[in-house]
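[1] predicted model and sequence below, questions to follow.
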Amino acid sequence: MLMGPQNLPEQLRIVRNRIGAATQAAMRNVDSVTLLAVSKAQPANKVRTVAQLGVRDFGESYVQEALDKIEALSDLSLTWHFIGRLQANKTRLVAASFDWVHGVDRLKIAERLSEQRPFHAPPLNVCLQVNIAGEASKGGVEPAELPALAAAVAALPRLKLRGLMCIPPDEEDPSRQRAWFASMRRTLESLNAAGAKLDTLSMGMSGDFESAILEGATIVRVGTAVFGPRTGAMPGPGTTPGSGATAAAHT
């Protein structure tokens, strides 16, 4: 059964209960985890309904589709996260319209975002994507190259380096899920021990966000569990999809 706006309150209640149970198991405050509702390819009316139910953070991967929604929902004062793999020719639009960018894995992209961030806007929050499992199908900086990239991005004037993001391999076993997320947490802790001041772990999606929360996730990117199947807006001309597995895996 397709899920319309009338189904969203129950779906969101279930997701919030899952987050609450996971934070309780981790002995964490539920407010330490931000629900990032992945709204790419969902129509604006569904996003409005979820926003009216108290969600403030939304994730998009297709630039033109996102800009249309940002304009249509501008009365709601939402926080917009770009979560696809960003192409260089789209950085200006993203720098001007988003509050966060997840998935930065190249210094060139970070430099363009910094140069193109409007001076009247606050610094753009950035998470670096780490290819935690070395999968060729996914974007992300290799762990060995991360310290140098983090230092370079942290020095850019119009960006605020907040933390790390990962899309680990699909795992059904919660213990294997947790192993990947624990590795990401240790990576962030290592950077902070060396002087970084990172406070964000963007990790966990519809099928594994409990495991991510148990290992320290501060942002969980949840699409399908909130919105149901993507049957609404679809990317059109001029959009920027992420690279296959990277963009598709943010739910």
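    Cool, the structure landed. Residues are numbered from 1 along each chain as shown.
[2] when you work out contacts or count neighbours from here on, use the C-alpha atoms and nothing else.
    Fine.
[3] from residue 21, how far out is residue 156?
    38 Å (Cα to Cα, to the nearest Å).
[4] neighbour count: the two, which is higher?
    Taking other Cα atoms under 10 Å, residue 156 and residue 21 do not tie; residue 156 has more neighbours (18 against 15).
[5] tell me the SS of that one?
    coil (DSSP: H, G, I helix; E, B strand; the rest coil).
[6] name the nearest residue to it, sequence neighbours excluded.
    Leaving aside its sequence neighbours, residue 156 sits nearest to residue 114 (Cα to Cα, 6 or more residues apart in numbering; 6.3 Å).
[7] pLDDT score for the one you found?
    Listed pLDDT for residue 114 reads 98.
[8] which SSE is it in?
    Assigned by DSSP states H and E, residue 114 belongs to helix 107-116.
[9] would you mind measuring from residue 17 to residue 30?
    10 Å.
[10] the two: which is more packed in?
    residue 30 (17 against 12).
[11] spit out the contact partners of the more buried one.
    19, 20, 23, 24 (Cα atoms under 8 Å, 6 or more residues apart in numbering).
[12] wait, which of the residues you listed is closest to residue 136?
    residue 19 (30.8 Å; Cα to Cα).
[13] for burial, what's the neighbour tally of that closest one?
    Residue 19: 21 neighbours (other Cα under 10 Å).
[14] give me the distance between it and residue 75.
    As defined by Cα to Cα, residue 19 lies at a distance of 28 Å from residue 75.
[15] may I have stretch 37-56 exported as CSV, CA atoms only?
    Provided in CSV are the C-alpha atoms of stretch 37-56 (Å, rounded to 0.1, in the frame of the first residue of the first chain):
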residue,chain,number,x,y,z
ALA,A,37,14.4,12.8,7.2
VAL,A,38,15.7,11.9,3.8
SER,A,39,13.1,13.6,1.6
LYS,A,40,14.7,13.3,-1.9
ALA,A,41,12.2,12.2,-4.5
GLN,A,42,9.4,12.9,-2.1
PRO,A,43,6.8,15.6,-2.9
ALA,A,44,6.7,18.8,-1.0
ASN,A,45,3.3,18.0,0.6
LYS,A,46,4.8,15.0,2.4
VAL,A,47,7.7,17.0,3.6
ARG,A,48,5.4,19.7,4.9
THR,A,49,3.4,17.1,6.8
VAL,A,50,6.5,15.7,8.4
ALA,A,51,7.7,19.2,9.3
GLN,A,52,4.4,20.0,10.9
LEU,A,53,4.9,16.8,13.0
GLY,A,54,8.1,18.4,14.5
VAL,A,55,10.9,17.3,12.2
ARG,A,56,13.2,20.2,11.3
